[in-house]
Every structure is written in C-alpha cells, then in structure tokens.
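Asker: 3D model of this:
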Amino acid sequence: MTTKMAKPCKTVAFAEEQKQLKQELIELLRLQEAPFEPNVKTITLHELDQDDRKVPIQELLPRIRKYFTVRNKSLFYPDKTKRVHLTIVKYLMKEEYNVINKFVIENGVQTVRYFFYPLKKEVV
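Answerer: Sure, this is the predicted structure:
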C-alpha cells in the first residue's frame, strides 16, 4: 500500500509570494490616510475605477489564482463581473484589514469611500 504525501496548502507553500502580492496591491492602490482616524487607510470607488489603478490590479489575477486558494467565482470569470478590480482588492485585503464602505458625495460626484481598518493580530 502506498501512501501519498499531503500537499501543503497554498497559505503555507506560497506565504512569501502572498505577502509580496498583497504589498504590491497596496502600492498600486496608493491608499490615503483617513482624516481624523489614525492607522486607517482610505480610497474612493471613483479613484479605484481610474484605468491607471484598475488595469494593473486586474493584471494580478493570474498570480492570485496561482498563489491563493480562490473560491470566489468572480475571480475565475472576470468577464461576467462588473468590477473585478474591486473584488480583487476586497479578497486580498480581508486578512489584513476590515473593509468598511460609506456612500459619500465628493467634489459633486456620488461615490463610495472604502475604509481599511487594520485587524489586530492575536499573539499565540
């Protein structure tokens, strides 16, 4: 009887690549400090929808599929999703940040402002 060795999960096998990909995403987003809230980052949907941010984020998709365990169908079928770049941001940032959105009007444009609250890491 032969025993198969268990394949390490992607979280363990690609931990460094995942960390690097998340850092690259943060740099692409160019998040701003939220006013009146320390350690909170923010971006509007209007800013995120600009092509200079949207296209590079969407180009990360093949690497995300390779290095992350993806269960979100919209990441497999980007043609059927309205804002794949927003899905990517929420998917990758959920382990590091609590993402909260608020509808706002800025400069006469109705948009959504996303706030990224850092999650507190538990010490084991």
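Asker: Which residue ranges of the protein form helices?
Answerer: Ranges of helices in the chain, per DSSP state H, are 10-13, 15-29, 45-48, 51-58, 61-67, 73-76, 84-93.
Asker: got a pLDDT number for the residue nearest the centre of the chain?
Answerer: Ranked by distance to the mean C-alpha position of the chain (Cα atoms, centre = their mean), the top residue is V89 at 2.4 Å. If you check V89, the pLDDT there is 90.
Asker: With the one 3 residues further on instead?
Answerer: L92 is assigned a predicted lDDT (pLDDT) of 88.
Asker: my read: it touches Q23, true?
Answerer: No. Applying Cβ atoms under 8 Å, one finds L92 not in contact with Q23, separated by 10.2 Å. Any C-beta I mention is one placed from the backbone N, CA and C, and that applies to glycine too.
Asker: More neighbours: the two, which one.
Answerer: In this view L92 and Q23 are compared by other Cβ atoms under 10 Å, and L92 has more residues nearby, 20 against 10.
Asker: ok, now which ones touch the more buried one?
Answerer: Contacts for L92 (Cβ atoms under 8 Å, 6 or more residues apart in numbering) come out as 21-22, 25, 64, 68.
Asker: Okay, and the beta partners of E33?
Answerer: The residues listed as beta-bridge partners of E33 by DSSP bridges are K41.
Asker: how many neighbours does it have?
Answerer: For E33, the count of nearby residues is 11 (other Cβ under 10 Å).
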